[in-house]
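Chemist: need coordinates for the following:
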Amino acid sequence: MAQRQFIDVACDCGAPLARYRKSGKGRLVKMFLDKIAVDRAGIFHTEPPPKLHDEIHCPGCGSRVATLHMIRGRPAAKVNQGAVRVV
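Modeler: Got it, this is the predicted structure:
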């Protein structure tokens with residue numbers, strides 16, 4: 001059975017981004033939008049919703065933290081490695 005845990009995701013600048021329900025081990029590569037429990041920065045669950053291949057930027061420093069893709073038929077933010085950290 002897959003391990004499930006909540007992790008806090010922040011930008012490298014320290015700005016809090018989201019609380020995410022991660023499954024399994026390993027580093028954070030993608031964040032399925034339906035598994036984001038709390039969107040602390042208001043950048044993942046926006047109105048209107050982001051479109052495919054839109055870049056998601058940190059509200060604190062403006063750096064690109066993810067790009068929106070469809071993975072296994074679900075919208076997911078593909079994380080820019082080195083731009084985010086798990087706190």
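Chemist: so how far is residue 19 from the residue sitting nearest the centre point of the chain?
Modeler: In the chain, the C-alpha nearest the mean C-alpha coordinate belongs to residue 31, at 4.6 Å (CA atoms, centre = their mean). Distance from residue 31 to residue 19, counting by CB to CB, to the nearest Å: 11 Å. Every residue, glycine included, has its C-beta placed from N, CA and C.
Chemist: kindly report the same for residue 55.
Modeler: Going from residue 55 to residue 19 by CB to CB gives 22 Å.
Chemist: with residue 62 instead?
Modeler: Distance from residue 62 to residue 19, counting by CB to CB: 22 Å.
Chemist: more crowded one of the two?
Modeler: Per other CB atoms under 10 Å, whichever of residue 62 and residue 19 has more neighbours is residue 19, with 14 against 10.
Chemist: so which strand or helix has the more buried one?
Modeler: In the assignment (DSSP states H and E), residue 19 maps to strand 16-23.
Chemist: what helices or strands is that strand leaning on?
Modeler: Judged by 3 or more CB pairs under 8 Å, 6 or more residues apart in numbering; DSSP states H and E, strand 16-23 is in contact with strand 4-11, strand 36-38.
Chemist: of those strands, which shows the lowest average pLDDT?
Modeler: The stretch with the lowest mean pLDDT among these is strand 4-11, at a mean of 93.
Chemist: list the buried residues in it.
Modeler: Applying a neighbour-count criterion of 16 or more other CB atoms under 10 Å, one finds 9-11 buried in strand 4-11.
Chemist: need those residues in a markdown table with distance to residue 49, can you?
Modeler: Putting these into a markdown table (distance: CB to CB, whole Å) gives the following:
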| residue | distance to residue 49 |
| --- | --- |
| 9 | 19 |
| 10 | 23 |
| 11 | 21 |
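Chemist: closest to residue 44 among the residues you listed?
Modeler: Set against residue 44, the nearest of the buried residues of strand 4-11 by CB to CB is residue 9 (9.9 Å).
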